[in-house]
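[1] heads up, no residue letters with this:
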């Protein structure tokens, strides 16, 4: 092969450079390598910082929402005590007097339905309330606008029996779960306790709530999306 022209030979040009130019060129190479190293390290550090900051923010948001849910749960459970403390309702549910005959049951049912209406109508998130006493008597109320369909004796009994089994299995007096009749709701089951003698139960009472009761806690800009929200009760069962 023909040798490169002496003027075009890079090695010859490098040899001909003055020493100061060589030092300057080597310094520029070193600076370039340092800049690349610093840039790469800064990019990695920035990515790590963003990921760590995002994880911390997410943990904080979830923790705050969990606390809000806990407070919401306590508020609702406490509000149910007002219903259990109603003397007329407790008198009917406990069957403290001999209550025989369909006519008497129909009368009591209407009186209970009226009391449940007054209570449920004050909380727009309650869709229905079902009560079954120790003698198997059923009482219920449902919000007319609820999308769960009309409650009847068969459905009400299935709800109450399911609640009774869940409470017995959990070994607790209160149990949160998904709907007990296949609807898009959240259910709170609890024993209908005698307020004056808490170790005495008159039956079970079940509240079905609209899921908006919990989803309403989410702000518009929250990183928690309502469609992906999944809430477990203390036993690990799905409540929402």
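    That came in fine, so what should we check first? Source: prediction; values computed, not measured.
[2] all contacts plus neighbour counts: C-alpha atoms, from now on.
    OK.
[3] Okay, strands next: where are they in the chain?
    126-133, 138-142, 174-178, 185-194, 197-210 (DSSP state E).
[4] Throw the ones you listed into JSON lines and include mean neighbour count, thanks.
    Shown next, in JSON lines, are the strands of the chain (neighbours: other Cα atoms under 10 Å):
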{"stretch": "strand 126-133", "mean neighbour count": "23"}
{"stretch": "strand 138-142", "mean neighbour count": "23"}
{"stretch": "strand 174-178", "mean neighbour count": "22"}
{"stretch": "strand 185-194", "mean neighbour count": "24"}
{"stretch": "strand 197-210", "mean neighbour count": "19"}
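[5] avg pLDDT for stretch 111-121?
    Averaged over stretch 111-121, pLDDT sits at 92.
[6] quick one: buried residues of that stretch?
    For stretch 111-121, burial by neighbour count (16 or more other Cα atoms under 10 Å) applies to 111-113, 115-117, 119-120.
[7] just checking, which of those belong to helices?
    Of these, the ones assigned to helices by DSSP state H are 111-113, 115-117, 119-120.
[8] quick one on the thing from earlier: residue 82 is nearest to which of the strands of the chain?
    strand 185-194 (11.8 Å; Cα to Cα).
[9] Return the distance of the closest one from the chain's centre.
    18 Å (Cα atoms, centre = their mean, to the nearest Å).
[10] what do you get for stretch 171-184?
    Using Cα atoms, centre = their mean, the offset of stretch 171-184 from its chain centre is 14 Å.
[11] and if you look at stretch 194-206?
    28 Å.
[12] what's next to it, contact-wise?
    84-85, 90, 93-94, 129-134, 159-160, 163-164, 187-193 (Cα atoms under 8 Å, 6 or more residues apart in numbering).
[13] switch to 6 Å and redo it
    The contact list for stretch 194-206, computed with Cα atoms under 6 Å, 6 or more residues apart in numbering, reads 94, 129-134, 188-193.
[14] quick revisit: may I see the strands of the chain organised as TSV, with distance to residue 67 and mean pLDDT added?
    As requested, those are exported to TSV (distance: least, Cα to Cα, whole Å; pLDDT from 0 to 100):
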stretch	distance to residue 67	mean pLDDT
strand 126-133	22	94
strand 138-142	30	94
strand 174-178	16	90
strand 185-194	18	92
strand 197-210	19	91
